[in-house]
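Colleague: predicted model follows, preceded by the sequence.
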Amino acid sequence: MSNPEFAIETRALTKRFGDVVANDSVCLKVRAGTVHGIVGENGAGKSTLLKMLFGFYQPDEGEVVVDRTAHTFADPSAAMKTGIGMVHQHFMLVEPFTVLDNIILGAEGSAKLEDARATARGALAALERQFGFNLPLDTVVEELPVGVKQRVEILKALYRGAEILVLDEPTAVLTPQESEQLFALVRQLRAEGKTVLFVTHKLHEIMAVTDDVTVMRAGKIVAERKTAETSTGELAELMVGAKVAREKTREAHGERVIRLSLKNVSANNDQGVRALKAVSLDVHDGEVLGVAGVAGNGQTELMEVITGLRQVAAGSVEFDNVVIASPDVATNPITLRRMGMAHVAEDRLKTGVVESFSAEDNAMLGYQREPDFSHRGILKLKALAETAKRYFESQDVRPRNPKLAISSFSGGNQQKLVIAREIARDPQLMIIGQPTRGVDIGAVTKIHDQITELRNAGKALLVVSADLDELLAISDRIAVMCEGELVGIVAVEDADEKTLGLMMAGEKRRAS
Amino acid sequence: MIDLYADTLLLVASTIRTATPLVLAGLAGLCAERAGVVDIGLEGKMLGAAFAAATAAAVTGSAWVGLGAGLATSLVLALLHAYVSITQRGNQIVSGMAINIVIAGLAPTLAGAWFHQGGQTPLLSGGARFTEINLPFAESLASVPVIGPLYSEVISGHNIITYMTVAIVPLVAWMLYRTRFGLRLRAVGENPEAVDTAGISVAKLRYQAMAIAGLLCGLSGVVLSTGLGAGFIRDMSAGKGYLALAAMIFGRWKPVPTLLACLLFGFVDALQGRLQGVALPLIGEIPVQFTIMLPYVLTVLILAGFAGRMVAPKASGIPYEKDH
Amino acid sequence: MAAARKLPFWADNILLPALNLLAAFVVSGIVIWALGDNPFQALSLLVQGAFGYQEAIGYTLYYATNFIFTGLAVSIAYHAGLFNIGGEGQAMVGGVGLTLGVFAFGPHAPLLGVFAGIVGAALFGAIWAFIPAWLQARRGAHIVITTIMFNFIASALLAYLLVGPLHRPGGQMPESADFPAGTALIHIHDLLGMMGISYDNNPMNISFLIALLCAWGMGFLLWRTRFGYELRVVGKSAGAARFAGVSVSRMTIIAMMISGALAGLMGLNELLGEQHRLLANFTLGYGFVGIAVAFMGRNKPLGIILAAILFGALYQGGTEVAFDIPNFSRDAVVMVQGLVILFAGAMEHLFRDPISLLFWRFAERKAA
Amino acid sequence: KPVVLYDIGGKFDKSFNEAARVGADAFKAETGIAYREFEPRSETQYEQALKRFARRHADLIVAVGVGYAVAVRNVAKEFPNVKFTVVDAIVDLPNVQSITFKENEGSFLVGMIAAMKTKTNSIGFIGGMDIPLIRRFERGYKQGADYVRKDLTFTENYVGTTPSAWNDPIKAAELAKSQYARGVDIIFSAAGPSGLGVIQAAKDAGKFAIGVDSNQNYVAPGTVLTSMMKRVDLAVHRALAQAKDGTWKPGHTVMDLKDGGVDYALDKYNASLITPEMKAKLDEARAKIISGELVVGDVAGSNTGR
Ligand SMILES: Nc1ncnc2c1ncn2[C@@H]1O[C@H](COP(=O)(O)OP(=O)(O)OP(=O)(O)O)[C@@H](O)[C@H]1O
Ligand SMILES: Nc1ncnc2c1ncn2[C@@H]1O[C@H](COP(=O)(O)OP(=O)(O)OP(=O)(O)O)[C@@H](O)[C@H]1O
Ligand SMILES: [Mg+2]
Ligand SMILES: [Mg+2]
């Protein structure tokens, strides 16, 4: 193809949802053969822009210029034809299908599957060699870890001849290792002459892989920079329109009361396989115990046994020196909350909230039995409305309307609401999963500050996160899990990405 | 011993006859739900097809014309359901119910207006019916011990549609698992967004699936009024549509297991008829109402026994909308 | 995306349904006309027959009562994420419970008999729903299949009881002996009579009020109580339910039992109110139509009541039409009902986009 | 103006509702007096219909079907000066005429025919629902067969337990097929429209079937051995005629062999199947039954009030 300076150019793209102006005459320029980053707050309009580039939404005004010709894409296939491929934030994969079937879906060629598959295998082998993939073509997708699913999406796009790859928050769900692999792949793609456009909330990623970066705020482009000529500080400032800095710093503590204590705890996952193997650990008052690990190494089960969502197979969990879980003791989450344990679930949409409920109704999920929400079984709707309003203000949840279905808030704003709900009762112990997944840095800083505040106030916190920076920033000690076992616990002072990474990979074992 | 063998053969033969309409309807429901459209309108489509087939056959005297009419009618109804559930994004359950009720009323009404025999069509005979086909040598071989009766009683002596059904099951399985269309159909029932972003029209796929469902269901209706029966009578589908639905779920939305489930229903039903008025060892003769409920009790027990959890196609019943 | 634009309340909740209903009648009219009858006469007879005079209204609400009960039954299960097709069977078994209760206490104390009947109906209905619920919760047996099967089983059971233990001595039909004298629900017209208001005889009885009470009760339960909240959480997301400390299996069972009890109460109207004896097949498919009623009523109490009255009107009005237009058989009535369900229930969006388009044209014109 | 109310089976059930219609039409043909009619959809509508026509001063309301017993009792009390005739049920009130039939006697005769005709020494019975009314057909049938010869094997089936049992020819046919395959060569079906399935199965298998209520011989000549006729048409016609010429009287009439209320059908369609010897035997039996020398067993309460 001829080589225009810009792979994609948008001319005054505007998109409205009702009276929300999601994108306000956005003029984006992406140089061919570069990696281009987009940053912005939750609800800034990033996903919308991307969805228009991919023909999933149609702009109300403006057009997309690809390869010097203007387009208004009627649907994704139209965009695909011009060589744009998108990796959605919520993967567009058919879970019960194999990787291969997912990749050929819609681009099968032959009407007989055998032939279609055969030809695809050939083509894919070539692609995999070119970009250094290695995917299990015949495995069923639902059995794959997120990182791999994402690669499937990317390969899917390449298989369709994508020249321009568009990724919406590709790293939001990835472990550091996976992110690293992704960036390696992205560089590889650039080396092969592809153009990559991606949205992220993590500024260091921008610095690490992009050539150019565009900053959006409230549906408008507020700045464009060459990555080399900017800094995370500047970007952060541009995003939120004000300096963001962590105020809270960790203060040292005297007393070391053990709040939560696991003794050789083992548990099975839903498939009945041992997913947690004889884990022992303590969480003290006034400390944040971070838990690191590649997704699917038992962190989820660890949180579930503590929070009363999973039966313990062996060992025991003690909270305030009371056995709350053991092979013959199971405690209802409601009781645990009353004992002073709060739980920020890592899978927000499946567990932490009821998607189709209003934000208001979600504001009492798990606490519906507390006297301030119900009395003799009757709900106190007025009290609930007021509480929800309070939560919205305290955490600055947007849009500021508790009656809206929670599903129409961005993940970031959902998270803010959940955190408000869980800290409202001043719990003594907090179990937090993925505190800032998909949350913009403004909000991230706020959440981190809150966690530190709680710690300084002498609470005990256990935080599971896939984001090592996060853990290094907020934890006192970091426990690393691998294959259901506790590899070791390191004090944050003598921990760094590299050592943790090795431990997570199960290479290096050491106890604190 | 010989006796028992003969009896079993009779049961099996009866099973095959009883199962035929169930299998066809079950596959129809399967195609619909695999594509993400829940179809409890099977009952109505069956009845409509049965009526149309009987009418056309009665008028023209040709069962084949009846077959055409039956398929056409069921197809139209299926597309109506498709329009409501796909284009209108209406409630698929209500739509299905509605179709069942409309036909339950419309068919006898039209029959009454056209044939003046109340809710019925005239009795069909000769060429207006798909009568039982005796395969070559059925008679002569009958005398051969063991395989003889097996051939003449079980293999031979069914109507053409039953034999078609034997071919249709693998055909549907092949379509579903071996063709591009099948791949897309299964995908659209699991994750329509994935199909949409892959540049395939979700609506078109679902319409196609419903069309297939319509034809299959039509065939099951045709066999009711022109094969197993000889004419249309009000409510002659007698709940078979719902039974087929159950069989499909029981068969975990897969063709061959669905076939087996239908055969099971058919068998216990045949057995039930056979056990009526027979004094069983120990128990003695059980009241006929209990023998009649036997098939249903058995189904429940089997389900509870080892059926385990059954997960429907993820998107089934949910109208597809592009946003969120 | 016109669909996203919001319509004024009255347009959404009155205009659109009315249009859908109209469409249904137009199509029915065409069929009736094709059958050689005068659709307008039929329609006027139908309306007249459903609301035209005191007795008509009585019958309409009498039929509506059955639909309210079965509609509520389907709806509450649905809110808990369960699809209860077993209303028919639960109503039958409920009828058995009612009869046992009535015969156990009625002969000695009629009033006690009535109460025993009511309790029996709810209890047995609940029990009949409990089994599939339990099988679903503990053994994972798909509730749709089991409830279908339990309909068949219930009818066989009923048939057995009505020619066996409960059989009317010397009777030729599968039916029980008449309920003891006095064990019956008082008719509304008698009630009004006591209040000095005279009203023509009709089968409508206080079970209609009980049905309304149940509807209000369900609304209150679902949206005003903690239990209802937890039930809806289970219906929407099992994961969230566990997170909130609610036992999914327990809720499944309770919700189904409430559902079954509501279905069972249908017998109050049919048996305790009118027939005064247990009949095979007194449920007449009301249990199934309840599914349509529930969804047409958008699973909200008020909606269900309105949908139920609509169906009652079609039943009663249709019957009156059949009295006077011989060709317009009872089957034609069924067809009309089906069409109404189709247009008013399933195709509720049929006119939404055109109408909202109109509205916005209008709005813009005003703006300009 | 007279009124005829059918039961849920409907006026075209090729069975006794249809017979009622035939009777009414005959009356209309003779006298030119038109009648109103109604097919209810549910038990509730029995009473609804009765009341409605009573209020509109119908001079005679003929309610066909045992289901009407209770409804007629209630309504007749409410409208003492309207005449009611109820067929198949007994209501003793001053303004109600009840007509019932001795189905068992007619069934006795067709039982004899089956016994005399069978080559396999094995005959069958298929009922719609297992209810006393149907048991009476089965009783008489059995007894009639035994009267001819004791060495017969006897198979019986019932179609179902829901109303669809009367409208399920497929199931009935399946049951018949299985009976025929097991050596039965004659089946008497008392199952309303479902019976058509039995006749069809008989035709397919080249065996015999016996019709019920109306004369069904014409449905499949050569296959329908005979029909156990229950002359509801006579009953209805008689009631209407009586009302016309003022001879209508309340009270209970039982229609039996004597007055031709029940009988087996013999016409051009099955003449070839019933040999003179058979006919002679049947006439003899009929005479004995009429004279009371031979008593046909019955089910409790069938022809006595409630
Ligand atoms: N389908 C939709 N319907 C209505 N409003 C929408 C829709 N999609 C986006 N919006 C609105 O458009 C604005 C921008 O949304 P967008 O998804 O682009 O934000 P974002 O930058 O992706 O946020 P996040 O960082 O959380 O992903 C939001 O305020 C949202 O309210
Ligand atoms: N149906 C809808 N109605 C209103 N707003 C919507 C709707 N769907 C999405 N949005 C808006 O789109 C924006 C982002 O949607 P999206 O699904 O991209 O969230 P997200 O990217 O998952 O959020 P985050 O990036 O914080 O995880 C949110 O601000 C949300 O308010
Ligand atoms: Mg986004
Ligand atoms: Mg986002």
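Modeller: That came through fine. Ligands and ions are numbered 1, 2, ... in the order given.
Colleague: burial of residue 140, as a residue count?
Modeller: In the absence of a named chain, chain A is used. A:V140 has 15 neighbouring residues, counting by other Cβ atoms under 10 Å in any protein chain shown. (Glycine included, C-beta is placed from N, CA and C.)
Colleague: to clarify, I was referring to chain C.
Modeller: Residues near C:G140, counting by other Cβ under 10 Å: 14.
Colleague: separation between it and chain A?
Modeller: 14 Å (Cβ to the nearest Cβ, to the nearest Å).
Colleague: so how far is C:G81 from that residue?
Modeller: 14 Å (Cβ to Cβ, to the nearest Å).
Colleague: ok, B:L263 next?
Modeller: 32 Å.
Colleague: could you say which helix or strand holds B:P319?
Modeller: Using DSSP states H and E, B:P319 sits within no helix or strand.
Colleague: one more: A:G296?
Modeller: Using DSSP H and E, A:G296 is not contained in any helix or strand.
Colleague: cool, the one 4 residues further on as well?
Modeller: When secondary structure is defined by DSSP H and E, A:T300 falls within helix A:299-306.
Colleague: hmm, that helix touching chain C?
Modeller: No - interface with chain C: helix A:299-306 contributes nothing (Cβ under 8 Å from any Cβ of the partner chain), its closest point being 9.3 Å away.
Colleague: show me how far that helix is from its chain's centre.
Modeller: Offset of helix A:299-306 from its chain centre (Cα atoms, centre = their mean, to the nearest Å): 18 Å.
Colleague: which residues are in contact with the closest residue to ligand 1 within the stretch 1-150 of chain B?
Modeller: Going by Cβ to the nearest ligand atom, ligand 1 is nearest to B:R89 of the stretch 1-150 of chain B, at 16.3 Å. Each residue near B:R89 by Cβ atoms under 8 Å, 6 or more residues apart in numbering or on different chains is listed here: B:319-321, C:349.
Colleague: what of A:N264?
Modeller: By Cβ under 8 Å, 6+ apart, A:N264 lies in contact with A:278-280, A:314-316.
Colleague: could you do A:D496 as well?
Modeller: If you count contacts by Cβ under 8 Å, 6+ apart, then A:D496 has A:L472 around it.
Colleague: returning to what we had before: ok, so of the contacts of A:N264, who is nearest B:G126?
Modeller: Nearest to B:G126, judged by Cβ to Cβ, of the contacts of A:N264 is A:A314 at 75.4 Å.
Colleague: not counting sequence-adjacent ones, nearest residue to the closest one?
Modeller: Distances taken as Cβ to Cβ, 6 or more residues apart in numbering or on different chains place A:S266 nearest to A:A314, at 4.2 Å, with adjacent residues excluded.
Colleague: go on, A:V344?
Modeller: Per Cβ to Cβ, 6+ apart, closest to A:V344 is A:I432, 4.3 Å.
Colleague: with B:G214 instead?
Modeller: B:A78 (2.7 Å).
Colleague: tell me the buried residues in whichever strand or helix holds that neighbour?
Modeller: Take DSSP H and E as the rule and B:A78 turns out to sit in helix B:63-82. Buried positions in helix B:63-82, judged by neighbour count with 16 or more other Cβ atoms under 10 Å in any protein chain shown: B:63-75, B:77-78, B:80-82.
Colleague: sorry, back to before: the residue nearest to A:A314: what's it in contact with?
Modeller: With Cβ under 8 Å, 6+ apart, A:S266 has these contacts: A:274, A:276-279, A:312-315.
Colleague: cool, B:D39 as well?
Modeller: Taking Cβ under 8 Å, 6+ apart as the test, what B:D39 contacts is B:28-29, B:32-33, B:78, B:81, B:92, B:96, B:210, B:213.
Colleague: can you do 6 Å?
Modeller: Residues near B:D39 by Cβ atoms under 6 Å, 6 or more residues apart in numbering or on different chains: B:29, B:32, B:96.
Colleague: for A:I164, same thing?
Modeller: By Cβ under 6 Å, 6+ apart, the neighbours of A:I164 are A:7-8, A:83-84, A:195.
Colleague: now, among those residues, which is nearest to D:I170?
Modeller: Looking across the contacts of A:I164 and measuring by Cβ to Cβ, the closest to D:I170 is A:I84, at 57.7 Å.
Colleague: and the helix holding B:A78, what's its mean pLDDT?
Modeller: Average pLDDT, helix B:63-82: 96.
Colleague: residue contacts, whichever residue of chain C sits closest to chain A?
Modeller: Residue of chain C nearest chain A, by Cβ to the nearest Cβ: C:G245 (3.7 Å). For C:G245, the contact set (Cβ under 6 Å, 6+ apart) comprises A:332-334.
Colleague: make a PyMOL selection of the buried ones in those.
Modeller: Selection of the buried residues among the contacts of C:G245 in PyMOL, burial being defined by 16+ other Cβ under 10 Å:
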select buried, chain A and resi 332+333+334
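Colleague: now, which of the contacts of C:G245 sits nearest chain D?
Modeller: A:N332 (45.1 Å).
Colleague: neighbouring contacts of stretch A:91-98?
Modeller: Residues contacting stretch A:91-98 (Cβ under 6 Å, 6+ apart): A:102, A:138, A:140-142, A:149, A:153, B:187, B:190-191, B:193-194, B:197.
Colleague: I'd like the distance from it to the chain centre, please.
Modeller: With Cα atoms, centre = their mean, you get 19 Å for stretch A:91-98.
Colleague: go on, stretch A:126-140?
Modeller: On Cα atoms, centre = their mean, the centre of stretch A:126-140 falls 25 Å from the chain's centre.
Colleague: next one: the residue nearest to A:Q428 when sequence neighbours are not counted from A:L49, what distance?
Modeller: Spatial nearest neighbour of A:Q428, excluding adjacent residues (Cβ to Cβ, 6+ apart): A:G340 at 3.9 Å. A:G340 sits 44 Å away from A:L49, going by Cβ to Cβ.
Colleague: comparing these two, which residue is more hemmed in?
Modeller: Between A:G340 and A:L49, counted using other Cβ under 10 Å, the more crowded position is A:L49 (29 against 17).
Colleague: ok, now which ones touch the more buried one?
Modeller: A:23, A:26.
Colleague: now with 7 Å?
Modeller: Applying Cβ atoms under 7 Å, 6 or more residues apart in numbering or on different chains to A:L49 gives the contacts A:13, A:23, A:26, A:28.
Colleague: related to what we said a few turns ago, what about the residue nearest to A:A314, which SS state?
Modeller: Here A:S266 is strand, with the state taken from DSSP: H, G, I helix; E, B strand; the rest coil.
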